[in-house]
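>>> can you look at this prediction? I've put the sequence above it.
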Amino acid sequence: MMNQIVQGILLGGYYALIACGLSFMFSVMRIINLAHGSLAVLSAFALWLLASRFHIPPFLGLLIVLPLMAVIGWALQRFLLERSARGGALLPILTTFGLAIVIDNVLFEQFGADTRSLAPFIGSLSYDSWEWPGSLYVGKLAVIIFVTAVVLLGGLQLFLTRTGLGRSIRATSEDPDTAGLVGVDARRANAVAAAIAMVTVGLAGAFLGMRATFDPYAGATQLLFAFEAAVIGGAGSLWGTLIGGIVLALAQTLGAKIHPQGFLIGGHIAFLIVLFIRLYTSGLGLRGLLRLSTGRTP
Amino acid sequence: MSLLSVEDLVVRHGLLQAVRGVSFDVARGETLALVGANGAGKTTLLRAIAGAHQAASGRVTFDGADLSGVPSHERVRKGIALVPEGRRLFVQMTVEENLLLGRSAGRAGDWSVERVLETFPNLKPRRHAKAGHLSGGEQQATAIGRALMSNPDLLLLDEVSLGLSPLIVDRVYASLQGLISSGATIILVEQDLNRALSVSNRVICMLEGRIALAGDSKTVSRDEVTKAYFGLHRKGAGGVPA
């Protein structure tokens, strides 16, 4: 049981990593990026390409891929999301859904349907582990991912609270009109936030490729995990994302212990319970929830 | 040369014309009071000068530069700062963070967090408190301080006394008097006519989006302004009706 808890907590680090970009974009730009998972897979493929064709190890490849992801994020915000956001809240969701389909199919066109992994390019790190007291075996890669998640979330927290640009991003997320009136360029703040979010997506994609296999259509599953972790942790809260990731991963690992098919179901049940609690405590009440579920407005 | 020049400005809210062909100048170091009933177009005019509303037609010139199409954050960079109606603080941020945001435009000047806290001593013990937890007076002081942090050449104050107790309003105006004495250029929207006339050099009374009366605050009579306020002003009586 202890082993499951430890593995669950460490897996939570990966979920926090993939959820934090989604949560960050939602809290700053109020955009639910449905292309989030596909962009993570795009990053994994970019690293795989660098490793297999140019023999650049994935950790070194991050020096190329992460700046590229930042540029993609900046360009996405400036040329796609910003424009679609002018058409209402629904349009960016549809836009990012379309973007996900485009990315998935371009990857399929270029790389085919084969599953791939970055594990062969990181030596024994993909399977090495430390033995902890009590016959606990803890994967080195899992620890690296967890530590990266904590450092990234802490770094983001410091950036947002201690720097002028971070304050500008927070101000824009709270009230973009007033932010403009105090001299903040809200467009720039949003573009920088999108670039940061894409860097976190790039990192998540790298770890996805190192710890598991991926294919051009793996983005949807990653998006689901990111969405569940973000909702459990409270979308917009950085440390909440870590807690959300850990809760999701613990539910999955405990679900898998109960039943071999229980891994995904365990996570979904935890997500639904938290979602219902959040909706119920949001003031809608049980009657409001029932009306929502039957399509009637409360 | 005037610091700000507004020429035949028209601002619309959808089909409603909130500002209808307003023209006036503001000289450097001048304090102009904008008065008028609710819905007269004062706030819309101020927000149009700050760039928060786009003008349908007409022109705003600041320090010789045409501001047409210039976004609000660029106008702050050029030296225009607005203290919006209702304060509009970032409530999740501390007083200090709100003040530091005022520096976003990067204009050089004497205003610092320390100087704002000297100017508004009631903020000193609240420096690290969230803006959402402040009293109305403290919030107003923070909003004015945030605008001052951008080292503006022109300060636009929208209803700074709204919702505050008389005692707090006295404190806020005592601080403003210090700014006015130091030569700041201010456009002040104020419902309290006596206060508006006492702190300003010039007064403009708006009615239904137009200037109903413009005059010198020291010579125009309260009665004339009151008549213009309610649309009873006759042309040629006292001030300069537009």
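Yep, it's here. Numbering: from 1, shown residues only, chains lettered A, B, ... in the order given.

>>> Three-state assignment for A:Gly12, please.
Per DSSP: H, G, I helix; E, B strand; the rest coil, the secondary structure class of A:Gly12 is helix.

>>> for it, give its distance to A:Ile5.
Distance of A:Gly12 to A:Ile5, given as Cβ to Cβ, to the nearest Å: 10 Å. From N, CA and C alone the C-beta is placed, and that goes for glycine too.

>>> identify the contacts common to these two.
A:Leu250 (Cβ atoms under 8 Å, 6 or more residues apart in numbering or on different chains).

>>> quick one, what contacts the residue in the stretch 151-298 of chain A that chain B sits nearest to?
For the stretch 151-298 of chain A, the residue closest to chain B is A:Gly183, as judged by Cβ to the nearest Cβ, at 3.2 Å. With contacts defined as Cβ under 8 Å, 6+ apart, A:Gly183 is in contact with B:His73, B:Val76, B:Arg77, B:Leu101, B:Gly102, B:Arg103, B:Ser104, B:Ala105, B:Gly106, B:Ser150.

>>> so which of these wins on neighbours?
Counting neighbours by other Cβ atoms under 10 Å in any protein chain shown, B:Val76 comes out on top of the contacts of A:Gly183 with 28 neighbours.

>>> host element of that residue?
helix B:72-78 (DSSP states H and E).

>>> who's in contact with that helix?
A:177, A:179-186, B:50-52, B:62-63, B:65, B:67, B:70, B:104-107, B:150, B:152.

>>> dump that helix to PDB, keeping only the CA atoms.
Extracted C-alpha coordinates of helix B:72-78, given in PDB (Å, rounded to 0.1, in the frame of the first residue of the first chain):
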ATOM      1  CA  SER B  72      -4.600  53.000 -23.000                       C
ATOM      2  CA  HIS B  73      -1.300  51.600 -21.900                       C
ATOM      3  CA  GLU B  74       0.500  53.800 -24.400                       C
ATOM      4  CA  ARG B  75      -1.300  56.800 -23.200                       C
ATOM      5  CA  VAL B  76       0.000  56.100 -19.700                       C
ATOM      6  CA  ARG B  77       3.500  56.000 -21.200                       C
ATOM      7  CA  LYS B  78       2.800  59.400 -22.700                       C
END
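
>>> quick one: mean pLDDT for the helix or strand just after that helix?
Sequence-wise, the next helix or strand downstream of helix B:72-78 (DSSP H and E) is strand B:80-83. Averaging pLDDT along strand B:80-83 yields 94.

>>> just checking: what are the partner strands of strand B:80-83?
strand B:154-158 (parallel) (DSSP bridges).

>>> returning to that earlier point: hang on, the residue of the stretch 151-298 of chain A closest to chain B in a helix?
No: counting by three-state DSSP, A:Gly183 is not part of a helix but coil.

>>> can you tell me the SS state at the closest residue to it other than its chain neighbours?
In this structure, A:Gly183 finds its nearest non-sequential neighbour in B:Ala105, 3.2 Å apart by Cβ to Cβ, 6 or more residues apart in numbering or on different chains. B:Ala105 falls in the coil class when you classify it by three-state DSSP.

>>> of the contacts of helix B:72-78, buried ones?
A:179-186, B:50-52, B:62-63, B:67, B:70, B:104-105, B:107, B:150, B:152 (16 or more other Cβ atoms under 10 Å in any protein chain shown).

>>> show me where chain B has its helices.
B:42-50, B:72-78, B:95-101, B:113-119, B:136-148, B:166-181, B:193-199, B:222-229 (DSSP state H).

>>> tell me which residues are up against the first one.
It refers to helix B:42-50. By Cβ under 8 Å, 6+ apart, helix B:42-50 touches A:181, B:4, B:6, B:9, B:11, B:13, B:18-19, B:22, B:34-36, B:53-55, B:60, B:67, B:72, B:75, B:80-82, B:84-85, B:156, B:158-159, B:187, B:189, B:206.

>>> give me the mean pLDDT for that helix.
Rounded mean pLDDT across helix B:42-50 is 94.

>>> between that helix and strand B:154-158, how big is the angle?
If you take axes from the mean of the first three to the mean of the last three Cα atoms, to 10 degrees, helix B:42-50 sits at 150 degrees to strand B:154-158.

>>> quick one on the thing from earlier: turn the contacts of A:Gly183 into a markdown table, including pLDDT.
As requested, those are exported to a markdown table (pLDDT from 0 to 100):
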| residue | pLDDT |
| --- | --- |
| B:His73 | 94 |
| B:Val76 | 95 |
| B:Arg77 | 94 |
| B:Leu101 | 94 |
| B:Gly102 | 92 |
| B:Arg103 | 91 |
| B:Ser104 | 88 |
| B:Ala105 | 86 |
| B:Gly106 | 83 |
| B:Ser150 | 92 |
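
>>> widest-spaced pair of those residues?
B:Arg77 and B:Leu101 (13.9 Å; Cβ to Cβ).

>>> follow-up on the earlier one: phi, psi for the residue nearest to A:Gly183 please.
With angles defined as degrees, to the nearest 10, B:Ala105 sits at phi -70, psi -20.

>>> hang on, it packs against B:Asp153?
No: counting by Cβ atoms under 8 Å, B:Ala105 does not reach B:Asp153; the two are 11.7 Å apart.

>>> show me how far stretch A:122-133 is from its chain's centre.
Relative to its chain's centre, stretch A:122-133 lies at 25 Å (Cα atoms, centre = their mean, to the nearest Å).

>>> so which bits of it are buried?
Applying 16+ other Cβ under 10 Å to stretch A:122-133 flags A:Ile122, A:Leu125, A:Ser126 as buried.

>>> start and end of it, how far apart?
Stretch A:122-133 has an end-to-end distance of 27 Å (Cα to Cα, to the nearest Å).

>>> and the contacts of it?
In contact with stretch A:122-133 (Cβ under 8 Å, 6+ apart) are residues A:6, A:57-59, A:119, A:137-141, A:143-144, A:210-211.

>>> mind redoing it with 10 Å?
Here stretch A:122-133 makes contact (Cβ atoms under 10 Å, 6 or more residues apart in numbering or on different chains) with A:2-3, A:6, A:51, A:57-59, A:117-120, A:136-144, A:206, A:209-212.

>>> sorry, back to before: how about the contacts made by the residue nearest to A:Gly183?
A:182-185, B:73-81, B:149-152.

>>> repeat that for B:Gly106.
For B:Gly106, counting by Cβ under 10 Å, 6+ apart, the contacting residues are A:Gly164, A:Gly183, B:Val76, B:Arg77, B:Ser150, B:Asn151.

>>> quick check: the last one touching B:Ala81?
Yes: shown here, B:Asn151 and B:Ala81 form a contact pair, counting by Cβ atoms under 10 Å, at 8.5 Å.

>>> between the two, which contacts overlap?
In contact with both B:Asn151 and B:Ala81: B:Gly102, B:Ala105, B:Arg107, using Cβ under 10 Å, 6+ apart.

>>> format those residues as JSON lines; extra columns: distance to A:Leu152.
Below are the shared contacts of B:Asn151 and B:Ala81 laid out as JSON lines (distance: Cβ to Cβ, whole Å):
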{"residue": "B:Gly102", "distance to A:Leu152": "30"}
{"residue": "B:Ala105", "distance to A:Leu152": "30"}
{"residue": "B:Arg107", "distance to A:Leu152": "34"}
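
>>> which one of those residues sits closest to chain A?
Taking the shared contacts of B:Asn151 and B:Ala81 together and measuring to chain A by Cβ to the nearest Cβ, the closest member is B:Ala105, at 3.2 Å.

>>> mind giving me the packing neighbours of the one helix or strand A:Ala171 maps to?
A:Ala171 belongs to helix A:164-174 when assigned by DSSP H and E. Applying 3 or more Cβ pairs under 10 Å, 6 or more residues apart in numbering or on different chains; DSSP states H and E, we find helix A:164-174 packed against helix A:2-29, helix A:140-162, helix A:176-181, helix A:186-211, helix B:95-101.

>>> looking at those helices, which is nearest to A:Val41?
Here helix A:186-211 is closest among those (Cβ to Cβ), at 6.2 Å.

>>> quick one: mean pLDDT over that closest one.
95.

>>> C-terminal to that helix, what's the next element?
helix A:219-233.
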